[in-house]
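In: take this sequence and fold it.
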Amino acid sequence: MTPEQVAAASKPLVLELGEAFARCPATLRRARLLGISGWAFYITGRAGALGDVRAETVAAALGFIAPDAVADGWDAAARTVRPLAVAEANLAECCRWGADRLGDAPGVPRLAGLLERAVGAAEASGMPLFAAWRAMPVPDRSPGARAAVGLLLLREHFAGAHLLAVRAAGMTPLEAVLAGPEGEAGAAACGWPPPYPPVGPLVRRRLWAEAVTDRLASVAFRALAPGEGAELLNLLSAARLHQRGRQK
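Out: Now for the predicted structure:
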């Protein structure tokens, strides 16, 4: 498989597994312990790795969430706790979830190693949020925790690559969300208020942006030897099956 093929095939797996910890009830309880809302924890947990920056900077880094919705979460959290502390708590929850949910998954030490090599080789130019997360120290070095952090980092890498590709396609983040599978429901979930522009003319541009996303993200997978890309996909598929089984 070529690096681009690995990027395209791994993307849905990484996006699903890389955010699964955020929906865990134990992760949501951490928000209450910090004295902030779930939304504030989500926004600041993702962007707090950037440090004490303004909400406008956070909105630019996240891209696909409406600036007003970003400001609501970011500013509310900042009145109670420093952004970096929320990011550290988020990372700790990711490690906890990984150790619990992935620690006994098939081949997880090997999965963690392949993910770490891909993350280390990824190009961070134009992706400040990914770069900030990659610089965060990991508090748990068990295989399951390492795999979960690798998934989180690759998810942010894909998100950053997609934002760059969308802008290169001449689309706004809102237009990209509208042209996606969730359409107006996705836009509303990301805090964008109606009325919305027509979607029809945007679909072709989004398809082009998806291809460019894979091309940008493929740099990370050039670090894998021949055959390791397919091995990574098999391990990701096994991890997803294991995780879904644990949810039942």
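In: stretch 203-215 - what's its average pLDDT?
Out: What stretch 203-215 shows for mean pLDDT is 94.
In: typo on my end, stretch 155-171
Out: Confidence for stretch 155-171, expressed as mean pLDDT, is 97.
In: so which bits of it are buried?
Out: Of the residues in stretch 155-171, those buried under the neighbour-count criterion (16 or more other Cβ atoms under 10 Å) are 155-166, 169, 171. C-beta here means a position set from N, CA and C on the backbone, and glycine is covered the same way.
In: so which of those belong to helices?
Out: Using DSSP state H, the members of the buried residues of stretch 155-171 that fall in helices are 155-166.
In: make TSV from the residues you listed and add distance to Trp208 to it.
Out: Listed next are those as TSV, based on distance: Cβ to Cβ, whole Å:
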residue	distance to Trp208
Arg155	22
Glu156	22
His157	20
Phe158	16
Ala159	18
Gly160	18
Ala161	14
His162	12
Leu163	14
Leu164	13
Ala165	8
Val166	10
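In: most widely separated two among these?
Out: Greatest spacing in those, by Cβ to Cβ: Arg155 and Val166 (16.4 Å).
In: what sits against Gly191?
Out: When contacts are counted by Cβ atoms under 8 Å, 6 or more residues apart in numbering, Gly191 touches 65-66, 68-70, 72.
In: by neighbour count, which of those residues wins?
Out: Val70 (26 neighbours; other Cβ atoms under 10 Å).
In: ok, that residue to Thr213 distance?
Out: When Cβ to Cβ, to the nearest Å is applied, the distance between Val70 and Thr213 equals 22 Å.
In: what of Pro25?
Out: Per Cβ to Cβ, Pro25 is found 31 Å from Thr213.
In: more crowded one of these two?
Out: Neighbour totals were compared for Pro25 and Thr213, and Thr213 leads with 24 against 6 (other Cβ under 10 Å).
In: quick one, phi/psi of the more buried one?
Out: Summarising the backbone geometry of Thr213 under the convention degrees, to the nearest 10, its torsions are phi -60, psi -50.
In: ok, it touching Gly160?
Out: No. Using Cβ atoms under 8 Å, Thr213 is not in contact with Gly160, being 9.5 Å away.
In: how far away from the center of its chain is the helix or strand hosting Asp214?
Out: For Asp214, the element it lies in under DSSP states H and E is helix 203-221. Between the mean C-alpha location of helix 203-221 and the chain-wide mean there is a distance of 16 Å, by Cα atoms, centre = their mean, to the nearest Å.
In: helices and strands around the helix or strand following that helix, which ones?
Out: Scanning forward in sequence from helix 203-221, with DSSP H and E defining helices and strands, the next element found is helix 228-247. Under the contact definition 3 or more Cβ pairs under 8 Å, 6 or more residues apart in numbering; DSSP states H and E, helix 228-247 sits against helix 3-20, helix 83-101, helix 108-121.
In: not counting its own residues, what contacts helix 228-247?
Out: Around helix 228-247, the neighbours that count as contacts under Cβ under 8 Å, 6+ apart are 1, 3, 5-6, 9-10, 13-14, 16-17, 20, 101-102, 104-108, 110-111, 114-115, 118, 147, 221, 224.
In: give me the buried entries from those.
Out: Among the contacts of helix 228-247, those that count as buried by neighbour count (16+ other Cβ under 10 Å) are 1, 3, 6, 9-10, 13-14, 16-17, 20, 101-102, 105, 107-108, 111, 114-115, 118, 147, 221, 224.
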